[in-house]
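**Student:** Requesting a structural model of the entry that follows:
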Amino acid sequence: MIEDKNQQRTQLSQVGEISLIEHLTQGFAIENESTIKGTGDDGAVLQFENEKVVVSTDMMVEGVHFDLSFMPLKHLGYKAIVNAISDLAAMNATPTQVLLSVAVSNRFPVEALDELFDGFKTAAKVYKLDVVGGDTTSSNKGLIISVTAIGKANEEDITYRVGAGINDLIVVTGDIGAAYMGLQVLDREKQVFLVNPNNQPDLEPYSYLVERQLKPEARTDIKELLEKMEVKPTSMIDITDGLASEVMHLCKQANLGCNIYEDKLPLDPQLINVCEEFNINSTTVALNGGEDFELLFTVKMEDFDKVKHNPHLSIIGHMTDVNSGTNLVTRGNNIIGLKARGWEPENNDEDAQVVL
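**Tutor:** Modelled structure (predicted):
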């Protein structure tokens with residue numbers, strides 16, 4: 001399909017901030033009874049009655065967290081919301097509202113922001129979220145997106161990073177490492193395109209990996225799944241900085257060690273094939289890749305029979321005494337100390353905050 005070079009471009013300078021906000025936020029529907037007043041006033045009004053309010057915020061910066069040369073703006077908007085509500089899922093809470101703030105340079109026309117907000121709207125519809133406010137401002141550093149996610153949970157259901165006990169099973173949802181390899185594929189094709197713009201990439205052989213990078217999903221389904229199984233996690237975190245880093249967070253909070261078993265790591269077949277193509281060790285990718293937005297949690301040993309046959313869950317190890325250290329048990333039964341190579345933000349002691 002040939003790109004239309006004469007598309008309409010409405011400069012931001014042609015519209016005021018209030019008009020721009022009204023334009024971008026039209027079409028957001030109210031999905032939750034807890035939303036009394038959403039956009040269109042100085043503040044949102046929410047009512048949660050007997051449930052705890054859980055809040056998290058995430059920021060994405062152009063050139064640091066995303067590359068617009070291969071990240072479509074609609075996908076970016078969708079991913080920004082997924083990124084924020086994944087933290088609420090990691091606390092066993094249900095996301096209900098989001099606030100969206102965007103800093104944008106004058107190289108973006110209104111039509112580009114329409115694409116970004118189409119992604120926000122799609123995610124809001126899929127996850128039944130109400131957009132209840134936010135802000136827009138100018139930027140001389142490209143595009144910056146901040147999403148604040150608000151959710152609810154009964155006090156007894158909230159799961160923190162701290163709480164795991166010795167011999168607790170370590171469980172992960174879905175599969176891991178695919179998002180990282182999707183990024184490697186996209187970056188390679190970008191470099192090829194820069195050398196030869198006439199060379200159009202064929203991403204079909206990498207469709208799953210690319211989708212995991214460009215359009216990930218938050219595991220908001222796991223809360224209901226665990227409730228049906230009558231399983232209560234003892235600790236939980238989402239996998240954004242790599243499995244090894246997140247496991248070590250849970251161990252540190254509980255003052256415990258762990259054994260993770262290499263042959264139990266859930267890897268998609270496409271990931272294994274592409275790791276071979278790139279000559280990268282798939283276990284290294286699984287442990288340190290990041291951006292999978294899967295959930296990592298611990299459960300008591302007595303829940304083993306409830307968890308072991310569920311296709312959405314993989315038991316990958318167990319908690320040990322702190323003096324045993326944090327270890328990977330290889331397929332050859334060798335023990336290697338885990339090292340966290342993912343990005344470690346400062347002062348991030350919990351995925352989200354609970355408002356009492």
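**Student:** what residue ranges in the stretch 101-250 of the chain are flagged as low confidence?
**Tutor:** The model of the stretch 101-250 of the chain has no residue with pLDDT under 70.
**Student:** Identify the residues contacting Lys79.
**Tutor:** 60, 66, 71, 119, 214-216 (Cβ atoms under 8 Å, 6 or more residues apart in numbering). All C-beta atoms are positioned from the backbone trio N, CA, C, and that covers glycine.
**Student:** Which helix or strand lies directly C-terminal to the helix or strand hosting it?
**Tutor:** In this assignment (DSSP states H and E), Lys79 forms part of helix 73-89. Helices and strands here follow DSSP H and E; after helix 73-89, the next one along the chain is strand 94-104.
**Student:** tell me which strands and helices that following strand is in contact with?
**Tutor:** Secondary-structure packing of strand 94-104 (3 or more Cβ pairs under 8 Å, 6 or more residues apart in numbering; DSSP states H and E): helix 73-89, helix 110-126, strand 130-138, strand 144-153.
**Student:** re earlier: of the contacts of Lys79, which belong to strands?
**Tutor:** Met60 (DSSP state E).
**Student:** of all the contacts of Lys79, which two lie farthest apart?
**Tutor:** For the contacts of Lys79, the farthest-apart pair by Cβ to Cβ is Met60 and Lys215; their separation is 14.5 Å.
**Student:** rewinding a little: of the helices and strands packed on strand 94-104, flag the one that's most buried.
**Tutor:** Each of the helices and strands packed on strand 94-104 was scored by mean neighbour count; the highest is helix 73-89, a mean of 25, by mean count of other Cβ atoms under 10 Å.
**Student:** Now do the strands in the stretch 251-356 of the chain.
**Tutor:** 257-261, 295-299, 313-320, 326-329, 335-337, 353-355 (DSSP state E, counting those that start in this stretch).
**Student:** Now tell me what touches the fourth one from outside.
**Tutor:** Identification of contacts with strand 326-329 by Cβ under 8 Å, 6+ apart yields 247-248, 251, 257-262, 283, 287, 317, 335-338.
**Student:** Any of those buried? List them.
**Tutor:** With neighbours counted using 16 or more other Cβ atoms under 10 Å, the contacts of strand 326-329 contain these buried positions: 247-248, 251, 257-262, 283, 287, 317, 338.
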